[in-house]
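In: Have a look at this fold, sequence not included:
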């Protein structure tokens, strides 16, 4: 969350603790923050009280895992 208590800025990487997923903030719709997977794909709604910032090391690990998954599927 931001220091002002509002939703994080668009493009910010956060963890949805309820879904145990990392996503990029795409906006807000009603009471929910909309997140998109790091590698693209379908957005999902997250409860703002259940998201937390992602540190640099955790974001790097998630991006490497996503790239590895794409390479195994032949979608480089």
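Out: Okay, I see it. The structure displayed is predicted, hence computed values, not measured ones. Numbers count the residues shown, from 1 in each chain.
In: And the closest residue to residue 54 other than its chain neighbours, how close does it get to residue 74?
Out: For residue 54, ignoring the flanking residues on the chain, the nearest one in space by Cβ to Cβ, 6 or more residues apart in numbering is residue 13 at 4.5 Å. Where C-beta positions appear, they are placed from N, C-alpha and C, glycine not excepted. Note on residue 13: its distance to residue 74, by Cβ to Cβ, to the nearest Å, is 26 Å.
In: so where's the chain uncertain?
Out: Along the chain, the model assigns pLDDT under 70 to residues 1-5, 75-76.
In: Which residue ranges of it form helices?
Out: Assigned by DSSP state H, the chain shows helices spanning 56-73.
In: Pairing partners for the lengthiest strand in it, with directions?
Out: As assigned by DSSP state E, the longest strand anywhere in the chain is strand 21-29. Sheet pairing of strand 21-29 (DSSP bridges) gives strand 13-16 (antiparallel), strand 32-37 (antiparallel).
In: With adjacent residues omitted, what lies nearest to the residue most central in space within the chain?
Out: With distances taken as Cα atoms, centre = their mean, the residue of the chain nearest its centroid is residue 23 (1.2 Å). Of all residues not flanking residue 23 in the chain, residue 35 sits nearest, at 3.1 Å (Cβ to Cβ, 6+ apart).
In: what residues are up against the one you found?
Out: Contacts for residue 35 (Cβ atoms under 8 Å, 6 or more residues apart in numbering) come out as 14, 16, 21, 23-26, 43-46, 51.
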